[in-house]
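# coords please:
(chains A and B)
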Amino acid sequence: MTDRPLTQNIRADGAPTLLKDYEANGGYSGLRKALATMTPESCLDEVKNSRLRGRGGAGFPTGMKWSFVPMGDKVSPGHKYLIANADEMEPGTFKDRLILEQDPHQLLEGMMLAAFTIQADIAYVFLRGEYVLAAERLTTAINECYAAGYLGTDILGSGYSLELRLHRSAGRYICGEETALINALEGKRANPRPKPPFPQVSGLWGRPSIVNNVETLCNITHIMTHGAEWFQTLGRGEDSGTKLFGASGNVKSPGVWELPMGTPIREILEDHAGGMRDGYQLRGFLPGGGSTDFLTDQHLDLVMDYDVIGKAGSRMGTGTMIILDDRNCPLGMVRNLSRFFAHESCGFCTPCRDGIPWIVQLLDRFEMGEADEGDIALLEEKAAFIGGMGNTHCALAPGAMEPVNSALKYFREDFERHVSAGGCTYHGAVGGH
Amino acid sequence: MSELITSLSTEEIAEIEHEASLVPRRDGVAIDALLIVQKHRGWVSDESLRAIAALLEMSAEELEGIATFYNLIFRKPVGEKVILLCDSVSCWLRGCDKVKARISNTLGIEFGETTADGRYTLLPVPCLGACDRAPVMMVGDELHTHLEDSDLTMLANDVATQ
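Model (predicted):
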């Protein structure tokens, strides 16, 4: 039994795993087992017992999320939906692309198992438009599944039926937010919806729906194949399973690696990413994508578990780390991120639509040498309000303020130097300005 | 069928109707319909937009609000190939500003502009999810990674052969 289930079919030549190879390596045995020997209730128990937490960034327990879907006679007749969130657009995140391009059946099997558990009859892969190769390979894999009887009516003689479709998105970061994604699937502008009602009760077309990240659903495949107990043994720390961790920025060997949950940050950065490029020193890092708080070298011996990173004042997010070096300006990095979030705001909530551009304008003042001491306090005040929980429908604005707030905490001397030196003193870096 | 709708090709209408058959409401395929027409014509003109709205039994104003929300739907003509240059954080750390400057110098266009010969349109794009190979861009459907000076000679050669 492998201890690297998510990447067991990833080939060095980058070629996709086709159905016959996927089956030859044990693929679809989890689906066969579930349909032949398990009930939706026992499947849900297995997922709950695995202690799997969502891999899209929020880390919510997957079994608990599913348990809110009304079952049996508690739901009016009609469709239920299972949606794979393959809208990978969090800045600095490049993990789901690996699976979508090279092992699409792993995702499809996880989707089938999730759909069976909540008794959904229609499933969607919501794929970002720029993932062209993934779209081709998913289409091939979906067609293979219909031809082999894994999708369609009365799957493997079980009486269970499932339609699975690929939806290619027309862009916008906010589509990764699950209620915005649902609005996009309904053909609307992707404004997030207020919660409640939660999608489990009223989602796509007002029907019970579950939206899960690609990596989360891939884990379902292995949990149902090998069992919850086995899955728990994979983690090194408190959390169970493995995780696709990554590193980008000026490290020697940027990349994505499947490692146990609870792997120390130092091990990821030094053993897998190869340490910093020659001539570069580590300043800090965002542990899990562009909307997580900076951590610094004092945090290198922490392990990548949800609660450990949470207690350190950040979030594990997507687990793909963005590394800030000493030749790129921390304010420049935060300005780049803030511009991104200002541009990607859906525009519905005022603190997000109007507030994040204020942050960008303030950061511009530091860059141009127009800021004074009072602007540091002003930045802190605005960031606290814009990022305040409950001031906006969704988590875009709070997420956008995480790098700002933490930069003010860890790189305060850089803000002060921008004021005293009359502008940015970082020049000639690879990133530069 | 209204005169408006007949400005769409029978192929476009058939593809849109197929999508509409899969969902509970006709206007539910607004985004798919815009992408279908764009696939055939390269962009979505005012006339096409009004035709799609009529076909989907929704107002043109509502459809315009949807079309302009999504960055991969083009409401102006674009070049034969659209260059989507990532300007997000990992590519910024690896020098995407310099890549942008070189592309602009080579092609003579800024973000949002199309070359005079109609071959390329240059647009910024949110993180392309290939951060381990930064800086990156897409040219049409193809991902180009590890953009260094030498990798941009493709564009330069292309311009030189004009």
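# Which element, helix or strand, includes residue A:82?
strand A:81-86 (DSSP states H and E).
# ignore the last one, residue A:262
Assigned by DSSP H and E, residue A:262 belongs to no helix or strand.
# residues near the residue nearest to it when sequence neighbours are not counted, how many?
Leaving aside its chain neighbours, residue A:262 sits nearest to residue A:237 (2.5 Å; criterion: CB to CB, 6 or more residues apart in numbering or on different chains). C-beta: built from backbone N, CA, C; applies to glycine. By the criterion of other CB atoms under 10 Å in any protein chain shown, residue A:237 has 17 neighbours.
# now do residue A:381
Counted with other CB under 10 Å, residue A:381 comes out at 10.
# what's the answer for the one 10 residues further on, then?
Residues lying near residue A:391 (other CB under 10 Å) number 15.
# and what of the one 10 residues further on?
Other residues within reach of residue A:401, judged by other CB under 10 Å, total 26.
# about what we covered before: how far does the strand holding residue A:82 sit from its chain's centre?
13 Å (CA atoms, centre = their mean, to the nearest Å).
# who does the longest strand belonging to chain A pair up with?
Longest strand in chain A by number of residues (criterion: DSSP state E): strand A:242-249. If you go by DSSP bridges, strand A:242-249 pairs up with strand A:255-260 (antiparallel), strand A:320-325 (parallel).
# so the residue nearest to residue A:268 when sequence neighbours are not counted bridges to which residues?
In space, and not counting its chain neighbours, residue A:268 is closest to residue A:245: 5.3 Å by CB to CB, 6+ apart. Applying DSSP bridges to residue A:245 gives these bridge partners: residue A:257.
# from memory residue A:245 sits against residue A:263, does it?
Yes - the pair residue A:245 / residue A:263 is scored as a contact, 6.7 Å apart, by CB atoms under 8 Å.
# which of these two has more neighbours?
residue A:245 (28 against 22).
# still on that earlier bit, and the residue nearest to residue A:268, how far is that from chain B?
12 Å (CB to the nearest CB, to the nearest Å).
# Do you know the pLDDT at that residue?
We note a pLDDT of 98 for residue A:245 in this prediction.
# residue contacts, it?
By CB atoms under 8 Å, 6 or more residues apart in numbering or on different chains, the residues touching residue A:245 are A:256, A:257, A:258, A:259, A:263, A:268, A:272, A:304, A:319, A:320, A:321.
# So among those residues, which ones count as buried?
A:256, A:257, A:258, A:259, A:263, A:268, A:272, A:304, A:319, A:320, A:321 (16 or more other CB atoms under 10 Å in any protein chain shown).
# which one among these gets closest to residue B:73?
residue A:320 (28.1 Å; CB to CB).
# Overlap of the contact sets of residue A:245 and residue A:263?
With CB under 8 Å, 6+ apart as the test, residue A:245 and residue A:263 both reach residue A:304.
# what residues go with each domain of the chain?
Let's take chain A. What automatic domain parsing lists as the domains of chain A is A:5-233, A:245-325, A:330-420.
# that's the wrong chain, I meant chain B
According to automatic domain parsing, the domains of chain B span B:5-67, B:81-160.
# so which of those gets nearest residue A:52?
domain B:81-160 (22.8 Å).
# what about that closest one, near chain A?
Yes - interface with chain A: domain B:81-160 contributes B:84, B:87-90, B:92-98, B:125-134, B:138, B:141-143 (CB under 8 Å from any CB of the partner chain).
# all helices for chain B, in order.
Ranges of helices in chain B, per DSSP state H, are B:10-20, B:30-41, B:46-55, B:60-67, B:89-93, B:96-107, B:153-160.
# and among those helices, the most buried is which?
With neighbours taken as mean count of other CB atoms under 10 Å in any protein chain shown, the helices of chain B reach their highest mean count in helix B:89-93, at a mean of 30.
# For that helix, report the contacting residues that lie outside it.
In contact with helix B:89-93 (CB under 8 Å, 6+ apart) are residues A:91-92, A:248-250, A:286, A:290, A:322-325, A:328, A:332-333, A:336-337, A:340, A:430-431, B:99, B:127, B:131, B:134-136.
# Next one: residue A:403 from chain B, what distance?
Taken as CB to the nearest CB, the span from residue A:403 to chain B is 9 Å.
# Quick check: next helix or strand after the helix or strand hosting that residue?
Assigned by DSSP H and E, residue A:403 belongs to helix A:396-410. Downstream of helix A:396-410, the first helix or strand assigned by DSSP H and E is helix A:412-420.
# where does chain B dip in pLDDT?
B:1-2, B:149-151, B:156-162 (pLDDT under 70).
# Help me confirm that residue A:165 is found in a helix?
No - counting by DSSP: H, G, I helix; E, B strand; the rest coil, one finds residue A:165 to be strand, located in no helix.
# For it, give me its contacts.
Contacts of residue A:165 (CB under 8 Å, 6+ apart): A:122, A:123, A:124, A:125, A:142, B:22.
# Contacts only, for the most centrally placed residue in chain B.
Central residue of chain B (CA atoms, centre = their mean): residue B:72, 4.4 Å from the mean position. Taking CB under 8 Å, 6+ apart, we find residue B:72 in contact with A:129, A:130, A:169, A:170, A:171, B:35.
# since we're on the fourth one, how many residues are nearby?
What that stands for is residue A:170. 23.
# got a winner among the contacts of residue A:165 for most neighbours?
residue A:125 (27 neighbours).
# secondary structure class for that residue?
strand.
# What residues are bridge-paired with it?
residue A:84, residue A:166.
# so where's chain A uncertain?
In chain A, residues with pLDDT under 70: A:427-433.
# ok, which stretches of it are strands?
Using DSSP E, strands in chain A cover A:81-86, A:122-127, A:163-168, A:209-213, A:242-249, A:255-260, A:282-286, A:320-325.
# In CSV: those strands, plus distance to residue A:135.
Output for the strands of chain A, formatted as CSV (distance: least, CB to CB, whole Å):
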stretch, distance to residue A:135
strand A:81-86, 10
strand A:122-127, 6
strand A:163-168, 6
strand A:209-213, 18
strand A:242-249, 20
strand A:255-260, 20
strand A:282-286, 29
strand A:320-325, 22
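# okay, which residue is most central for chain A?
residue A:56 (2.7 Å).
# For residue A:192, which of the strands of chain A is the nearest?
Residue A:192 lies closest to strand A:209-213 among the strands of chain A, at 11.9 Å (CB to CB).
# give me the beta-bridge partners of the nearest residue to residue A:297 once chain neighbours are set aside?
Sequence neighbours aside, residue A:282 is the residue nearest to residue A:297 in space, at 5.6 Å (criterion: CB to CB, 6+ apart). Counting by DSSP bridges, residue A:282 is bridged to residue A:325.
# And for residue A:282, the neighbour number?
18.
# quick one: contacts for it?
A:269, A:276, A:297, A:323, A:324, A:325, A:326 are the contacts of residue A:282 under CB under 8 Å, 6+ apart.
# what do you get for residue B:108?
Contacts of residue B:108 (CB under 8 Å, 6+ apart): B:115, B:116.
# For residue B:120, see how far away it is.
10 Å (CB to CB, to the nearest Å).
# do residue A:349 as well
36 Å.
# of those two, who's got more company?
Between residue A:349 and residue B:120, residue B:120 has the larger neighbour count (other CB under 10 Å), namely 24 against 19.
# in the sheet, who's paired with the more buried one?
residue B:81.
# Does residue B:129 touch residue A:91 like I think?
No - applying CB under 8 Å, one finds residue B:129 not in contact with residue A:91, separated by 9.6 Å.
# circling back: quick one, which of the domains of chain A is nearest to residue B:15?
Nearest to residue B:15, of all the domains of chain A, is domain A:5-233, at 13.2 Å by CB to CB.
# Show the end-to-end separation of the closest one, please.
13 Å (CA to CA, to the nearest Å).
# Figure out how far it is from the centre of its chain.
14 Å.
# Which stretch among the domains of chain A approaches residue B:26 most closely?
Using CB to CB, the domains of chain A put domain A:5-233 closest to residue B:26, at 9.1 Å.
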